[in-house]
Each structure stands twice: as C-alpha cells, then as structure tokens.
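# Got a sequence here, can you model it:
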Amino acid sequence: QLFTQKMMSIISPVMYLVMNMLTISIYFVGAFLIENALMADKITLFSDMVVFSSYAMQVIMSFLMLAVIFIMYPRASVSATRINEVLDTNISIKDGLVDTENDIKGEGEFRGVSFKYPDSEDYVIKDVSFKANKGETIAFIGSTGSGKSTLINLIPRFYDATEGEILIDNINIKDYKLNTLHKKIGYVSQKAVLFNGTVNYNVGYGNDTKENKIKEAIKIAQAQEFVEKMSDKYESNISQGGTNISGGQKQRISIARAIAKDPEIY
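Sure, this is the predicted structure:
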C-alpha cells in the first residue's frame, strides 16, 4: 500500500503534465499549420487538430487508468484471498439426517456436557446435566464470563459440545438437520439483530407467519404500544440494525420474532 501510494504520487503529476503538454503541443502545431495553409484547407486542418487532440487524450487517459489498475490490483488480491480463506474453511458443524417429528415435544436435556473453545486449555462449562420438560422455565444465573451465553449457544449448534450430548425431544441435536433443529427453537440473542424493512417483515422474518399472529406476538412482547404510535404502525420502516428505534424497542421486536415463530422451545 505504501509503495503503490508513493508510485501514484509520482506517476499522477507526471501523467497530467504529459497530457497537458501534449494538448498544448497539438494546438501549437495546429495553429502554425492553419496559419500557413490556404483558406480552403483551414477548416480541414482545424477539424483534424480537434480529432487528433481527442485521440491523444484518450490514449493518455488509458495509460492513467492502467496505472490505477496496477494500484487497485494488489488491494483487491489481498481482499479476495481473505474472502477465499472463509469460503474454503471446512465446515465443522455437520448436518444430521433427522428431519421427522416424534411423539415427544418441547423437551431439552443436557447429559454431562462440557465445552471449551478451540485452542483453549480451560473448559468454559464442565459436566453440566439437567432436563427441561415441556412447560418448564429454566434460568441460568451466574457472574459475567461464567458461561451462561455459551451454554445456550450450544443448543442451536452455534458451537458443538466438546464432551457429552444435548438432546431435543430425546434426539441428539447432532442427528437433526440444522433446518429442522432451528425450527424447534425460538432464540433471542443478547444483541438484537434487525433488518431494513417493516415491523411486520422483521417479526415474521424467516417464517411464513400470518399478520394476525405477528400482531399477537408483538402484543405479548409488549411492543404494541410503541409500534402503534409509529407513523405507519405495523408497516413502519425499521432501519438496518434498528438505528431508528431504542435498544429496548429492538429487544422487544426480537422477542416478538421468537414468539411469532411458535417454536417448541424458547
């Protein structure tokens, strides 16, 4: 980057100097020829001078654009290499085969689950076992960095457990197809993720949800009051990232999205 910028600092004024000197030279020679030509040839010489000047400018500009390409290429090459590193990374979360329903609904169980991040020596969570039956509410309480969020992120398979197994409806989550697993779970992240679109679009995102169900979800999430005060109510626009509403309002929209999905487990 430093090298290309230094070269551009040198090349750019040189190219513009050549371009302007060439223009002056063409006009100078053209004026001399026109002055000494017969009256019948003056118009032809003038038009030739204008055309030649235009062609000369195109040639010089082409060389200038070529210099710009040489500067942009190494930057584009580095960016492409970084993108390819991501695209070529082997997927560690493998899709399962199960996409059918069974008789058990809304049950979650951890059996001796331990987890540590890649290249880390210490476990974030160690030997966690519990069962959440349908209709129960489970809360995890602990200090900052104790692994609460990590434990929850294991359920939708943002990470896979290092040891032990996690079961949803008595089936190991690794055996589910990811799409099937995610349909069973309503997840509200700590950081609310909203998209550019209407309130209805953000709440019903990713699901074939009817409008009356969306309104019911917004009401349950206690977002109805501020949504109905917006200019177009449920069709009001939410900016990318929810920059035009408050943090608490963004969280309520996220909660409404999870409710509208009507999953087995929240």
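# Near residue 25, how many residues? Count them for me, please.
Neighbourhood size, residue 25 [other CB atoms under 10 Å]: 12. In short, each C-beta sits where N, CA and C put it, glycine included.
# Could I get the pLDDT score of it?
Turning to residue 25, the model gives it a pLDDT of 86.
# how near is it to residue 32?
11 Å (CB to CB, to the nearest Å).
# Could you list the low-confidence segments of the stretch 101-250 of the chain?
The stretch 101-250 of the chain contains residues with pLDDT under 70 at 206, 208-209.
# ranges for the helices of it?
148-153, 178-183, 199-203, 211-220, 224-228, 247-260 (DSSP state H, counting those that start in this stretch).
# quick one, phi psi at the spatially closest residue to residue 133 that is not a sequence neighbour?
The shortest distance from residue 133 to any non-neighbouring residue, by CB to CB, 6 or more residues apart in numbering, is to residue 107 (5.8 Å). The phi and psi values for residue 107, taken as degrees, to the nearest 10, are phi -110, psi 140.
# which stretches of this structure form strands?
108-115, 125-132, 163-168, 171-172, 197-198, 237-238 (DSSP state E).
# Nearest approach to residue 230 belongs to which of these?
strand 237-238 (8.9 Å; CB to CB).
# related to what we said a few turns ago, quick one: the helices of the stretch 101-250 of the chain as a markdown table, columns for mean neighbour count and distance to residue 69 too.
Converted to a markdown table, those look like this (neighbours: other CB atoms under 10 Å; distance: least, CB to CB, whole Å):
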| stretch | mean neighbour count | distance to residue 69 |
| --- | --- | --- |
| helix 148-153 | 16 | 44 |
| helix 178-183 | 16 | 42 |
| helix 199-203 | 23 | 41 |
| helix 211-220 | 17 | 50 |
| helix 224-228 | 16 | 50 |
| helix 247-260 | 21 | 43 |
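# Dump these into a markdown table; add distance to residue 77 as well.
What follows is these, written out as a markdown table (distance: least, CB to CB, whole Å):
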| stretch | distance to residue 77 |
| --- | --- |
| helix 148-153 | 35 |
| helix 178-183 | 34 |
| helix 199-203 | 38 |
| helix 211-220 | 46 |
| helix 224-228 | 47 |
| helix 247-260 | 38 |
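# closest one to residue 98 among those?
Between the helices of the stretch 101-250 of the chain, helix 178-183 lies closest to residue 98; by CB to CB that is 6.6 Å.
# List the contacts of the closest one.
Helix 178-183 has contacts (CB atoms under 8 Å, 6 or more residues apart in numbering) with 93, 95, 96, 98, 99, 156, 157, 168, 173, 261, 263.
# The third one contacts residue 157, doesn't it?
Looking back up the chat, that one is residue 96. No. Residue 96 lies out of contact with residue 157 (CB atoms under 8 Å); the separation is 9.5 Å.
# list the residues that contact both of these two?
Between them, residue 96 and residue 157 share the contacting residues 173, 174, 178, 181, judged by CB under 8 Å, 6+ apart.
# The second one: neighbour count?
Put plainly, it is residue 174. Counted by other CB under 10 Å, the residues lying close to residue 174 total 17.
# how close does it sit to residue 156?
12 Å.
# Residue 123 contacts residue 113, correct?
No. Residue 123 is not in contact with residue 113 according to CB under 8 Å; the separation is 10.3 Å.
# okay, these two: which has more neighbours?
Each of residue 123 and residue 113 has its neighbours counted (other CB under 10 Å); residue 113 has more, 20 against 14.
# Could you double-check that the more buried one lies in contact with residue 167?
No. Applying CB under 8 Å, one finds residue 113 not in contact with residue 167, separated by 10.2 Å.
# hmm, back to that, residues contacting the residue nearest to residue 133?
Residue 107 touches 131, 132, 133, 134, 167, 168, 169, 170, counting by CB under 8 Å, 6+ apart.
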